[in-house]
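[1] Need coordinates for the below:
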Amino acid sequence: MENAGTVYLVGAGPGDPDLLTLRAARLIERAGIVVHDGLVDPAVLALAPRDAEFVSVAKRRAHHTLPQEDICALLVREARKGRDVVRLKGGDPLIFGRGGEEAEACRAAGVPVEIVPGVSAANGAAAAAQIALTHRDAASVVSFVAGQCKGLSEQDWAGLAGTGRTLVIYMGVKTAPQIAEKLMADGLAPDMPLAVIENACRADMRVLRGPLAALPDLVEREQVRSPALIVIGETTARTDVQVATLAAEAAA
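    Predicted structure coming up:
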């Protein structure tokens, strides 16, 4: 399409602006319009020019500012005006970020689109908590699943967690009881170690550890709030670094 702007689907990383790619930072710094998710840290948005237009399309459980179809239409509409659109997504655009859907919508409308990868929430959280997702002595397989979706109990997670495997669960805070019950019913040991990483890569990050059977109580007792990841597997028990304590001291 002649004179159409480009839609840039940009991974904003897990929070810390220092973890942006150079490509992402340069696009944000010269952006005229920024369409962003709720999980994009304010420090990342602050890199954009002061006169940039900001459009929040934040999604929350049971409440979406805009339905996904309307977000796609917004990107296409602004690009057809000749504007380059920076679409900021927490983590990486192609891992539970619906980047694929938005790229398809742009291509179908004849709008140029570029995908700029970002540090995923899983990679960023694990690194900040010093948890290896794979380890020669403990895990040769890592899987990512969404813990908040329709038909959770009917999904087949067989083989995703257990000895030699690490399971990373996105959006699992609200469904922690169902997740624990599901995994144990599928044969995972109740004492399988796990970590819950809240607000990864931010000053108020917390890392909470315990066995699988205690996951629901852990989330409720500690009042865990999103954004948070649940990492299940033997690698979560291979470090005694007190990340939560260190983060609290750094923020003091």
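[2] For the helix or strand hosting Glu69, list every residue counted as buried.
    Using DSSP states H and E, Glu69 falls within helix 68-80. For helix 68-80, a neighbour-count test (16 or more other CB atoms under 10 Å) marks 71-72, 74-76, 78-79 as buried. Using the backbone N, CA and C atoms, a C-beta is placed for each residue, glycine as well.
[3] per-residue pLDDT, the closest residue to Gly118 other than its chain neighbours?
    Spatial nearest neighbour of Gly118, excluding adjacent residues (CB to CB, 6 or more residues apart in numbering): Gly11 at 1.8 Å. As summarised for this prediction, Gly11 has a pLDDT of 97.
[4] Equivalent analysis for His63, please.
    As predicted, His63 sits at a pLDDT of 51.
[5] The one 5 residues further on now?
    Per-residue confidence (pLDDT) for Gln68: 93.
[6] Look up how far Gly100 lies from it.
    Distance from Gln68 to Gly100, counting by CB to CB, to the nearest Å: 11 Å.
[7] now do Pro190
    Counting by CB to CB, the gap from Pro190 to Gly100 is 36 Å.
[8] follow-up on the earlier one: so which of the buried residues of helix 68-80 comes closest to Glu53?
    When the buried residues of helix 68-80 are compared for distance to Glu53, the smallest value, 9.0 Å, is given by Glu78; criterion: CB to CB.
[9] give me the beta-bridge partners of the residue lying closest to the closest one once chain neighbours are set aside?
    Taking CB to CB, 6+ apart as the measure, Glu78 lies nearest to Val85, with 5.0 Å between them; neighbours along the chain are not counted. According to DSSP bridges, the partner residues bridging Val85 are Val7, Ile33.
[10] Test my guess that Val85 contacts Cys72.
    No. Applying CB atoms under 8 Å, one finds Val85 not in contact with Cys72, separated by 11.5 Å.
[11] Relative to Arg238, how far out is Arg136?
    When Arg136 is compared with Arg238 (using CB to CB), they lie 11 Å apart.
[12] Show me whatever sits in contact with both of the two.
    Any residue near both Arg136 and Arg238 by CB atoms under 8 Å, 6 or more residues apart in numbering counts here, and not one turns up.
[13] Settle it for me: which of these two has more neighbours?
    The residue with more neighbours, out of Arg136 and Arg238 and counting by other CB atoms under 10 Å, is Arg238; that gives 15 against 7.
[14] Do a quick rundown of the helices in the stretch 101-250 of the chain.
    Ranges of helices in the stretch 101-250 of the chain, per DSSP state H, counting those that start in this stretch, are 121-128, 176-185, 215-221, 243-251.
[15] which one of these has the lowest average pLDDT?
    Averaging pLDDT over each of those puts helix 243-251 lowest, since it has a mean of 41.
[16] which residues does Glu29 contact?
    Under the criterion of CB under 8 Å, 6+ apart, the neighbours of Glu29 are 47-49.
[17] Check whether Ile71 really touches Glu102, as I assumed.
    Yes. Under the contact definition of CB under 8 Å, Ile71 touches Glu102, with a separation of 6.9 Å.
[18] In the stretch 51-200 of the chain, mark out all the strands, start to finish.
    Across the stretch 51-200 of the chain, reading from the start of the chain, the strands by DSSP state E, counting those that start in this stretch fall at 53-56, 59-60, 63-64, 85-89, 113-116, 139-146, 164-170, 193-198.
[19] Most tightly packed of the ones you listed?
    For the strands of the stretch 51-200 of the chain, ranked by mean neighbour count under the definition mean count of other CB atoms under 10 Å, the leader is strand 85-89 at a mean of 28.
[20] Packing partners of that one?
    Under the contact definition 3 or more CB pairs under 8 Å, 6 or more residues apart in numbering; DSSP states H and E, strand 85-89 sits against strand 7-11, helix 22-29, strand 33-36, helix 68-80.
[21] out of these, nearest to Phe144?
    strand 7-11 (14.7 Å).
[22] Figure out how far that closest one is from the centre of its chain.
    Averaging C-alpha positions (CA atoms, centre = their mean, to the nearest Å) puts strand 7-11 15 Å from its chain's average.
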